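**Q** got a structure for you, letters missing:
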Ligand SMILES: Nc1ncnc2c1ncn2[C@@H]1O[C@H](COP(=O)(O)OP(=O)(O)OP(=O)(O)O)[C@@H](O)[C@H]1O
């Protein structure tokens, strides 16, 4: 794996980038509403194209729905919301990184492309495990209690 290494950027090198605002961007959102529109376009792209994102959205909605239905404490619902949001956020970043890698190396194999994609996928996986762990701890006990109570009612 031989890489050409460029010299580190000095403040002098950075000057043209920091003084001329976003000059390398093809387009810059003109206002807050436009920014939201582009953000929504990204979320909707991920939902349409990424099976994992759709699965994560479904599981998150289910977990939040159950936590509200089971009347968990506000702090518990908040924790489930935070862990769920983290999974969806990382899935979106994973999708963004995949696109950047594909843009850079196209359909050629590169060890660094593999590392970037595998690590991003690993980050999503860890966050998903944490979210499932947290949701299980908070949701399973009251859910089991409810199921047992129903079973006794109809026995
Ligand atoms: N250009 C590439 N060079 C080397 N390995 C690649 C390259 N593109 C993809 N791969 C390997 O193939 C795997 C799958 O690639 P893909 O683009 O589907 O990413 P992914 O993170 O698995 O996608 P998703 O999150 O949608 O399941 C990557 O994790 C990586 O190991």
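**A** All right, it came through fine. What you are looking at is a predicted structure, and each value in this text was computed from that prediction instead of being measured.
**Q** how about the chain, which residue sits the furthest from its center?
**A** The C-alpha centroid of the chain is most remote from residue 155, which lies 43.8 Å away (CA atoms, centre = their mean).
**Q** So for that one, what's the pLDDT?
**A** On pLDDT, residue 155 comes in at 76.
**Q** contacting residues around the residue lying closest to residue 93 once chain neighbours are set aside?
**A** Distances taken as CB to CB, 6 or more residues apart in numbering put residue 120 closest to residue 93, at 6.9 Å, once the chain neighbours are dropped. Backbone N, C-alpha and C define where each C-beta goes, glycine included. Going by CB atoms under 8 Å, 6 or more residues apart in numbering, residue 120 touches 90, 93-94, 97-98.
**Q** circling back to that earlier point, from residue 74, how far out is the residue farthest from the centre of the chain?
**A** 34 Å (CB to CB, to the nearest Å).
**Q** what's the answer for residue 84, then?
**A** 15 Å.
**Q** what about these two, which has more around it?
**A** The neighbour comparison of residue 84 against residue 74 (other CB atoms under 10 Å) goes to residue 84, with 24 against 7.
**Q** Name the secondary structure element that contains residue 103.
**A** helix 74-105 (DSSP states H and E).
**Q** got a list of what residue 29 touches?
**A** Contacts of residue 29 (CB under 8 Å, 6+ apart): 35, 38.
**Q** Oh, that last question was meant for residue 70, not what I typed.
**A** Counting by CB under 8 Å, 6+ apart, residue 70 makes contact with 139, 142-143, 146.
**Q** How much space separates it from residue 80?
**A** In this view, residue 70 and residue 80 are 11 Å apart by CB to CB.
**Q** Which neighbours do the two have in common?
**A** Joint contacts of residue 70 and residue 80 (CB under 8 Å, 6+ apart) are residue 139.
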